Each structure stands twice: as structure tokens, then as C-alpha cells.
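> Kindly generate the corresponding structure for this input.
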Amino acid sequence: MSISYSVNELINKLNTLKKEIENETNKLLDDTLDVAETNMKLLAPVDTGYLRDNIEQNKTDKTIEVNCDYAIYQEHGTSQFKPQPFFYPSINIAKNYVNKEFKLRINKAIKRSGLGWI
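Model (predicted):
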């Protein structure tokens, strides 16, 4: 009895894995933007709601923008009032989300590619 494995089959599975990882990575980036934006809006101090309402993500550029002149002063404070951080705490939450999700999603991609034996 012999065991064999086609190199062409391996190449096809590796190509599939590459596509699966690209898809998972793009989904993870989009999901991470959602996590960051949601948390920024939850943590943003609200008086009129202008700051919260001007936190927006751009999934094409994979960015989050806070289009509010006084956002920096809310985040870091001034000599007249203490900081009310919303941006960097949300980025840290998003980083933790990526760290947790990345391995899970890559493992799913490996299984879907047919290379689950790796």
C-alpha cells in the first residue's frame, strides 16, 4: 500500500488558502472598523451629540474619521477641563478584537481550503 499526494493538488489548495485568507482578512478589517466605530460612539461624551454623530468609518480606505474640531480636546483635555477619552480606548478594544479573532478566522480559512491537516 502506498501513500501519495499530488503536487498540483497541493498548489491548488494553497491558492485556495490564499484567497480564503484574503477574504477573511478583509472581513476582519471591516468588522474591526465596526467595533472601533461603535465603541467610539458609545464612549464619546455627549452634550449636543455633534461629536458622536461625526464619527464615521470609510470601509474603502479602512479608516475612521472624527470630523469634529473639538474632538482632540475631549480626548486629551485642556487646562480647563479633564480628558474624556473615547478614541484611543476604542482603538485598544478594536486591537483586542483583532488579536482574538485573527487566529480563529485563519483556522477557518485553512479548513475551507482543504489544508486542515496543517
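
> secondary structure element for residue 56?
Assigned by DSSP states H and E, residue 56 belongs to strand 55-58.

> Quick check: buried residues in the next helix or strand after that strand?
Next helix or strand after strand 55-58 toward the C-terminus (DSSP H and E): strand 63-66. For strand 63-66, the neighbour count (16 or more other CB atoms under 10 Å) marks 64, 66 as buried. Where you see a C-beta, it was placed from the backbone N, CA and C, and this is true even at glycine.

> and strand 63-66, which strands flank it?
Strand pairing for strand 63-66, determined by DSSP bridges: strand 55-58 (antiparallel).

> Same question for stretch 42-52: list its buried residues.
43, 44, 51, 52.

> For the residues you listed, work out which two are farthest apart.
Taking CB to CB as the measure, those span a maximum distance of 10.5 Å, between 43 and 51.

> any shared contact partners between these two?
Contact criterion CB atoms under 8 Å, 6 or more residues apart in numbering; residues shared by residue 43 and residue 51: residue 86.

> for the protein, what spans make up the helices?
With helices called from DSSP state H, the chain shows them at 7-43, 50-53, 71-76, 87-113.

> quick one, what contacts the spatially most central residue of the chain?
Ranked by distance to the mean C-alpha position of the chain (CA atoms, centre = their mean), the top residue is residue 32 at 2.3 Å. Listed by CB under 8 Å, 6+ apart, the contact set of residue 32 reads 94, 97, 98, 101.

> Might you list the low-confidence residue ranges for the protein?
Counting by pLDDT under 70, the chain shows low-confidence ranges at 1, 4-5, 116-118.
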